[in-house]
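Chemist: dropping a prediction and its sequence here:
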Amino acid sequence: MLSNVRATSFAVGNFKNSAKLVTPGLCQARSSHTDLKVPDFSDVRHPATLDPTTPTSEERRKLFKYMVLGSAASAGAVLAKGIVRGSVNHFAPSKSALEVASIEVETSKIPEGKSLVVTWLGKPIFIRHKTDAEIEEQKAVDVSSLRDPVPDVDRFPDLRWQVLIGVCTHLGCIPIEGKGDFGGYYCPCHGSHYDFAGRIRKGPAPKNLEVPPHRISGDLLIIG
Ligand code: FES
């Protein structure tokens, strides 16, 4: 075995020496090295590497690594997809929540001059079907002198239908309808007085009672 290796070194050395002596043209002609005798290392090679068509153990190890990495990447992608989908489903509103996101009230059920309280998104909603006299009285108030000076025409799409969220704008108590110094809504928690149009007149509340998004469609009052 050792003698074979030495013989090979000698042959290669000879070849290098002889290559320096030839002309460039000849060198190009011999660049494919077809005349080189390739030494046979079969007797010193590992049996697993003798067949060039069979992957070596190193190649097999790499293949295994790639396979493991590929599987892990696929599993990670599936897991990430599941997490994202779960998060989206978790934070999306439920079907029942979407159903109550808007409610419909039949206006014919509320006579003129009467009120109705409904619940929307867990909050009380004060609905009042106003009379002409109430509307005139409401319009006569100069809101510029009030704490929250928003004109009522900007608060309500239709003055005949007064729709208010029944939550005090101070700290969130529920005011009592028909009470207080201004005949509107009174919050007993800290003594806020709203007038009949839900405008803050007295007490610690900073804002008028909020108006929820609503509209009239035919015989229906749609809130939400
Ligand atoms: S919560 Fe209504 S006055 Fe304080």
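Modeler: Structure received. Residues are numbered from 1 along each chain as shown.

Chemist: for the longest helix seen in the chain, packing partners?
Modeler: Longest helix in the chain by number of residues, with DSSP state H as the criterion: helix 57-91. Applying 3 or more Cβ pairs under 8 Å, 6 or more residues apart in numbering; DSSP states H and E, one finds that helix 57-91 contacts no other helix or strand. C-betas here are computed from N, CA, C, even on glycine.

Chemist: so what touches stretch 184-196?
Modeler: 126, 134, 137-138, 141, 164, 166, 168-171, 173-183, 197-205, 208-209 (Cβ atoms under 8 Å, 6 or more residues apart in numbering).

Chemist: do a quick rundown of the strands in the chain.
Modeler: Applying DSSP state E to the chain gives strands spanning 103-106, 115-120, 123-129, 161-165, 176-179, 183-187, 192-195, 200-202, 214-217, 220-223.

Chemist: which residue comes closest to residue 105 once chain neighbours are left out?
Modeler: Nearest-residue entry for residue 105: residue 221, 4.4 Å, with adjacent residues in sequence omitted and distances by Cβ to Cβ, 6 or more residues apart in numbering.

Chemist: and the one you found, how far is that from residue 157?
Modeler: The gap separating residue 221 from residue 157 is 11 Å, by Cβ to Cβ, to the nearest Å.

Chemist: which neighbours do those two have in common?
Modeler: Joint contacts of residue 221 and residue 157 (Cβ under 8 Å, 6+ apart) are 214, 215.

Chemist: check the residue nearest to residue 105 and give its pLDDT.
Modeler: At residue 221, the model reports a pLDDT of 96.

Chemist: show me what contacts it?
Modeler: By Cβ under 8 Å, 6+ apart, the contact list for residue 221 reads 104, 105, 106, 107, 127, 161, 163, 214, 215.

Chemist: one more time with 10 Å, if that's ok
Modeler: Residue 221 is in contact with 103-107, 109-110, 116, 118, 125, 127, 129, 158, 161, 163, 214-215, counting by Cβ atoms under 10 Å, 6 or more residues apart in numbering.

Chemist: hey, which helix or strand in this protein has the poorest pLDDT?
Modeler: helix 2-19 (a mean of 42; mean pLDDT, DSSP states H and E).

Chemist: circling back: got the strands of the chain as CSV, with distance to the ligand columns?
Modeler: Output for the strands of the chain, formatted as CSV (distance: least, Cβ to the nearest ligand atom, whole Å):
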stretch, distance to the ligand
strand 103-106, 25
strand 115-120, 17
strand 123-129, 13
strand 161-165, 13
strand 176-179, 11
strand 183-187, 3
strand 192-195, 4
strand 200-202, 10
strand 214-217, 23
strand 220-223, 22
